[in-house]
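Q: Got a predicted structure plus its sequence, pasted below:
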Amino acid sequence: DAGITQSPRHKVTETGTPVTLRCHQTENHRYMYWYRQDPGHGLRLIHYSYGVKDTDKGEVSDGYSVSRSKTEDFLLTLESATSSQTSVYFCAISDVRGSPNTEAFFGQGTRLTVV
Amino acid sequence: GNSVTQMEGPVTLSEEAFLTINCTYTATGYPSLFWYVQYPGEGLQLLLKATKADDKGSNKGFEATYRKETTSFHLEKGSVQVSDSAVYFCALSKQGAQKLVFGQGTRLTINP
C-alpha cells in the first residue's frame, strides 16, 4: 500500500469553526490532491499541489484553502466550516512525471461532520 | 468541460452473474480512462486503465475497452463474486492535466 496517512479519520465540528485536515505521504510523490466524496457526485477535486508551495484550485475550491510547506504534507483548511462541507475527504498522491496515465493512490479518507 | 457519466446504481446481482457497469465520457482530445474501486471503509484503488482508443484494460477478471467512437469505457466481468461488492468509479484524465474527473460511482452488491 502507498504510504498515505490522513488525520483525523473522523471529526465532528460546529458551524463557523476552523478545521484543518492533514495528509502525510512517505512516497516522495510530487502531486498531492484533496477530493471530497458526496452521494450522487462521486469525487470532486478541491485543490491540488504540484510541488512545495505550488498549489491550484479544483472544481469545488470555495470555502477551502490549502498549504504545502513540505513535500510530504498537504493541509486542507476550512476557514469557517458550514454544514454543506459535511463530507468524506480523500487525499491522493501521484508521481506523474509529465504523464496523465500514472496511477493515483488514495488515503483512507476523513469523515467530517459539521453540526 | 470534461465529464463522466456512469449508470445509476445500486446494482444487485447473484454470485456468478455477468456484470456490466456503463460509463460514458465527454472530453476534448484524447483522455486516459480509469476504473477505481472502493471497498467498504477504504479509499479508492485503481482497478484498471486504458490510455488510448481500442486499448483494453484488465485486472482481477474485470475488463474495459476504450471506445472512442462511442465515448465509452464500460466495465465487465464474466462471473462476479461476493468479494466484488464495492463502489466502482469511472474516471478520466486529460493529457497534460494531472487531475482526475470522476463519475458519480456505482454501488455493486453481490449476493451469495
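A: Looks like it arrived, so ask away. Numbers count the residues shown, from 1 in each chain, chains lettered A, B, ... in the order given.
Q: who's the residue nearest to A:G42 when sequence neighbours are not counted bridged to?
A: Spatially, and ignoring its direct neighbours in sequence, A:G42 is nearest to B:F102 (3.8 Å; C-beta to C-beta, 6 or more residues apart in numbering or on different chains). Bear in mind the C-beta positions are built from the backbone N, C-alpha and C, glycine included. Legend: beta-bridge partners of B:F102 under DSSP bridges are B:A91.
Q: Next, work out how far apart B:F102 and A:K11 are.
A: 23 Å (C-beta to C-beta, to the nearest Å).
Q: who's the residue nearest the centre of chain A bridged to?
A: What sits nearest the mean C-alpha location of chain A, by C-alpha atoms, centre = their mean, is A:W34, with 2.4 Å. On the basis of DSSP bridges, A:W34 is bridged to A:H47, A:C91.
Q: That one is in contact with A:T55, isn't it?
A: No - counting by C-beta atoms under 8 Å, A:T55 is not a contact partner of A:W34; they are 9.8 Å apart.
Q: hmm, who's touching the lowest-mean-pLDDT helix or strand in chain A?
A: Across the helices and strands of chain A, mean confidence by mean pLDDT, DSSP states H and E is lowest for strand A:105-106: a mean of 90. Residues from elsewhere that reach strand A:105-106 (C-beta atoms under 8 Å, 6 or more residues apart in numbering or on different chains): A:2, A:4, A:27, A:29, A:90-94, B:36, B:43-45.
Q: mind running it again at 6 Å?
A: Under the contact criterion C-beta atoms under 6 Å, 6 or more residues apart in numbering or on different chains, strand A:105-106 has outside partners A:2, A:90, A:92-93, B:43-44.
Q: Quick one: name the residues of chain B near chain A.
A: With the criterion set to C-beta under 6 Å from any C-beta of the partner chain, chain B comes near chain A through B:32, B:43-44, B:46, B:51, B:89, B:93, B:95, B:98-99, B:102-105.
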